[in-house]
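[1] Provide a 3D model corresponding to the input given below.
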Amino acid sequence: MKLPEKIKRMRKNAGLSQQDLADRLGIHLTHLSRLENNHLQPSLEVIRKLMDVFEVSADYLLNDDMDTYEVDIKDKPLSNKIKLIDSLDDKDREALAHVIETMLTKQRMRKVLEEATVMH
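    Below is the predicted model:
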């Protein structure tokens, strides 16, 4: 799905009119209309604001192969815990992100070592 279609779909899913979204992005209504109709490419600043307004990544916005920005987590208890992370204060969220990154790094290192062992 192309960026103009994504913008229009996210706007409609959020229940926003073109004017509402234009106001949130700090652009004129005709500018937004031209973006949604693929007559204009968004500036980097507009991309950043779209990311903030819709809480999506730049990857989702700019990658035509990505049709959804939702992550499908099959482990429902884990999914519920992840949703609650937003309720943490900044310091706790940062600490949690550090713990997760440490665990993922450890897992990646273990995999590299296993692959190196298999090669010898």
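[2] switch to C-alpha atoms for all contacts and neighbour counts from now on
    Noted.
[3] next, count neighbours for Leu62.
    Neighbour count for Leu62, taken as other CA atoms under 10 Å: 14.
[4] buried stuff in the longest helix along the chain?
    Longest helix in the chain by number of residues, with DSSP state H as the criterion: helix 90-119. Using 16 or more other CA atoms under 10 Å as the burial criterion, none of the residues of helix 90-119 qualify.
[5] do stretch 1-15 as well
    Buried residues in stretch 1-15, counted by 16+ other CA under 10 Å: 3-8, 11.
[6] got the contact list for Glu101?
    Shown here is Glu101, which makes no contacts under the criterion CA atoms under 8 Å, 6 or more residues apart in numbering.
[7] how much space between it and Gln107?
    Separation of Glu101 from Gln107 (CA to CA, to the nearest Å): 10 Å.
[8] which ones are touching the residue nearest to His28 when sequence neighbours are not counted?
    Beyond its immediate neighbours in the sequence, the residue positioned closest to His28 (CA to CA, 6 or more residues apart in numbering) is Ala22, lying 5.9 Å away. By CA under 8 Å, 6+ apart, the contact list for Ala22 reads 28-29, 31-32.
[9] using PDB, write out every CA atom in the helix or strand of the chain with the lowest mean pLDDT.
    When each helix and strand of the chain is scored by mean pLDDT, DSSP states H and E, helix 76-84 comes last, with a mean of 80. Taking Å, rounded to 0.1, in the frame of the first residue of the first chain, the C-alpha atoms of helix 76-84 are listed here in PDB:
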ATOM      1  CA  LYS A  76      -2.000 -12.900  24.900                       C
ATOM      2  CA  PRO A  77      -0.700 -12.400  28.500                       C
ATOM      3  CA  LEU A  78       2.600 -11.000  27.000                       C
ATOM      4  CA  SER A  79       0.500  -8.800  24.700                       C
ATOM      5  CA  ASN A  80      -1.400  -7.400  27.600                       C
ATOM      6  CA  LYS A  81       1.800  -6.700  29.500                       C
ATOM      7  CA  ILE A  82       3.300  -4.900  26.500                       C
ATOM      8  CA  LYS A  83       0.200  -2.600  26.300                       C
ATOM      9  CA  LEU A  84       0.700  -1.600  29.900                       C
END
